[in-house]
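Student: I need the structure of the sequence given here:
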Amino acid sequence: MTISRIMLMAAGAGVIASLALAGCQRKDDQGPTELTGRLFVFNYRVASATYMITLKKIAPIPDGTTAVTEFENPAGGDPLVTHEKIYSFWDKITLESPDLRCVRKDRPYSVSIRLVDASDKTIQTIKTEVKSDLDQTVLPTRPLVVGPAYTANPDIFKGDGSIDYGHDAACPA
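Tutor: I've put the predicted structure just below:
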């Protein structure tokens with residue numbers, strides 16, 4: 001075996017080792033969390049739909065961090081924006097939108113999450129889309145129950161025995 005061949009093999013081994021080590025390291029631009037889940041939650045009992053986004057902590061999160069989340073509004077108009085304080089000891093983070101109207105099946109809705117530190121400096125940005133496998137028309141337009149004892153809503157379950165689940169005609173097509 002010649003010296004040049006040995007040097008070539010050693011260089012190749014060095015390249016393979018450095019690629020393997022690079023694959024194990026977290027990229028600097030990834031940030032302290034990773035997206036682990038995104039879905040719509042339909043609560044039939046109270047006639048609500050919300051976005052739910054879950055993140056997993058993969059690196060330390062500075063004290064005073066806030067998640068600023070912009071959810072596309074399925075009813076149209078400005079995005080729905082939430083500000084959620086993130087605690088450094090949390091391993092899992094759940095971000096939920098306000099109640100929604102007009103969610104459509106198989107339509108992608110955009111969500112943008114910015115983690116900002118106490119000085120309002122962005123430390124991570126996550127952009128994703130959420131699709132529902134159901135149309136919000138599966139929900140009644142008003143809660144089926146009211147009060148802490150889950151009493152049947154008299155606006156839906158009428159005294160004469162009829163039931164009116166309602167229909168939200170104001171949603172865009």
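Student: how close does D91 get to E84?
Tutor: Noted for D91: a distance of 16 Å to E84, by CB to CB, to the nearest Å. For glycine as for every other residue, the C-beta is placed from the backbone atoms N, C-alpha and C.
Student: next: Q30.
Tutor: Distance, Q30 to E84, using CB to CB: 20 Å.
Student: same deal with D120?
Tutor: 15 Å.
Student: okay, those two: which has more neighbours?
Tutor: E84 (15 against 9; other CB atoms under 10 Å).
Student: show me the contacts for the spatially most central residue of the chain.
Tutor: Residue closest to the average C-alpha location in the chain (CA atoms, centre = their mean): I53, at 2.1 Å. Contact partners of I53, counting by CB atoms under 8 Å, 6 or more residues apart in numbering, are 35, 37-38, 69, 94-96, 111, 113, 128, 130.
Student: surely P62 touches V116?
Tutor: No. At 9.8 Å, P62 does not count as touching V116 under the criterion of CB atoms under 8 Å.
Student: overlap of the contact sets of these two?
Tutor: Residues touching both P62 and V116 (CB under 8 Å, 6+ apart): I123.
Student: all helices for this structure, in order.
Tutor: 3-24 (DSSP state H).
Student: pLDDT below threshold where in it?
Tutor: Within the chain, the set of residues satisfying pLDDT under 70 comprises 1-29, 173.
Student: try 50
Tutor: Within the chain, the ranges that satisfy pLDDT under 50 run 4-8, 10-11, 13, 15, 17-29.
Student: state the number of residues packed around N153.
Tutor: N153: 17 neighbours (other CB under 10 Å).
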